[in-house]
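Visitor: With the sequence up front, the predicted model follows.
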Amino acid sequence: MLRRHLKVASASAGFRVLLGVALATLPHLVAAHSYQTGALQIDHPSSRETAPGAPNGVGYLRIEHNGEQVDRWLAAESPRARRVELHKSRENDGMRSMKHVALPLELQPGETFELQPGGYHLMLMGLDRPLRAGEHVPLKLRFERAGDIEVELVVEELGGAGKEASPGSSHAGH
Ligand SMILES: [Cu+2]
């Protein structure tokens with residue numbers, strides 16, 4: 001799925017549109033979407049559904065830097081959350097914890113910064129209402145060089161994302 005997604009993302013724009021139409025009939029591939037701003041490509045922004053009353057949600061995506069100069073990720077915000085933070089999960093002696101990572105964050109040319117279950121992720125703090133599977137959650141990202149870009153997190157089922165489901169669900173009690 002990840003490999004296939006990368007191929008889709010690197011295809012030419014026209015081809016991608018055609019492919020998008022073709023893939024739209026396959027529900028599990030609809031989330032393979034990507035965005036471009038300046039030298040940055042934002043791939044597969046996604047989230048997970050939340051339980052009723054859960055205060056926070058997660059956000060995953062991948063930032064591919066195809067430019068020549070260092071850029072800096074300055075901020076993220078969503079109309080669905082009071083604020084959006086960058087977090088990093090880690091496991092110490094079997095205990096899973098996460099810490100807040102302050103932006104800005106440097107993005108090196110030629111590198112891909114990946115937010116994924118068990119590692120870096122976005123936290124949507126103070127959700128206005130639960131995130132439901134299938135919803136598209138607006139998210140605005142701000143970069144020093146590449147500027148602002150609006151993307152949509154596609155909300156996936158907790159149990160429907162294969163191996164991603166279990167680390168992601170650790171946020172339930174967060
Ligand atoms: Cu977190």
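Guide: The structure has been received and is ready for your questions.
Visitor: Which residues are in contact with whichever residue of the chain sits closest to the ion?
Guide: Minimum separation of the chain from the ion (CB to the ion) falls at residue 87, amounting to 3.3 Å. C-beta: built from backbone N, CA, C; applies to glycine. By CB atoms under 8 Å, 6 or more residues apart in numbering, the contact set of residue 87 is 98-101, 120-123.
Visitor: at 6 Å instead, please
Guide: When contacts are counted by CB atoms under 6 Å, 6 or more residues apart in numbering, residue 87 touches 98, 100, 121, 123.
Visitor: Quick check: it is in a strand.
Guide: Yes: the assignment for residue 87 by DSSP: H, G, I helix; E, B strand; the rest coil puts it in a strand.
Visitor: How much space separates it from residue 135?
Guide: 21 Å (CB to CB, to the nearest Å).
Visitor: what residues does this protein put near the ion?
Guide: By the criterion of CB under 5 Å from the ion, the positions of the chain lying close to the ion are 87, 98, 123.
Visitor: what are the bridge partners for the first one, then?
Guide: Okay, so that is residue 87. Beta bridges link residue 87 to residue 100, residue 121, judged by DSSP bridges.
Visitor: Next, format the contacts of residue 87 as CSV and append pLDDT, distance to residue 61 and neighbour count.
Guide: As requested, the contacts of residue 87 are exported to CSV (pLDDT from 0 to 100; distance: CB to CB, whole Å; neighbours: other CB atoms under 10 Å):
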residue, pLDDT, distance to residue 61, neighbour count
98, 94, 17, 18
100, 96, 18, 11
121, 98, 9, 26
123, 98, 13, 21
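Visitor: so which pair among those residues is furthest apart in space?
Guide: 100 and 121 (11.3 Å; CB to CB).
Visitor: My read is that residue 40 contacts residue 146, right?
Guide: Yes: assessed by CB atoms under 6 Å, residue 40 is found in contact with residue 146 at 4.5 Å.
Visitor: Could you report the pLDDT at the residue of the chain closest to the ion?
Guide: With respect to pLDDT, residue 87 has a value of 97.
Visitor: again, but for residue 81
Guide: On the pLDDT scale, residue 81 gets 98.
Visitor: give the contact list for the nearest residue to it once chain neighbours are set aside.
Guide: Nearest residue to residue 81, sequence neighbours excluded (CB to CB, 6 or more residues apart in numbering): residue 124, at 3.7 Å. Residue 124 sits next to 57, 78, 81, 84 when contact means CB under 6 Å, 6+ apart.
Visitor: Please tell me I have it right and the last one contacts residue 76.
Guide: Yes: taking contacts as CB under 6 Å, residue 84 lies within contact range of residue 76: 4.2 Å.
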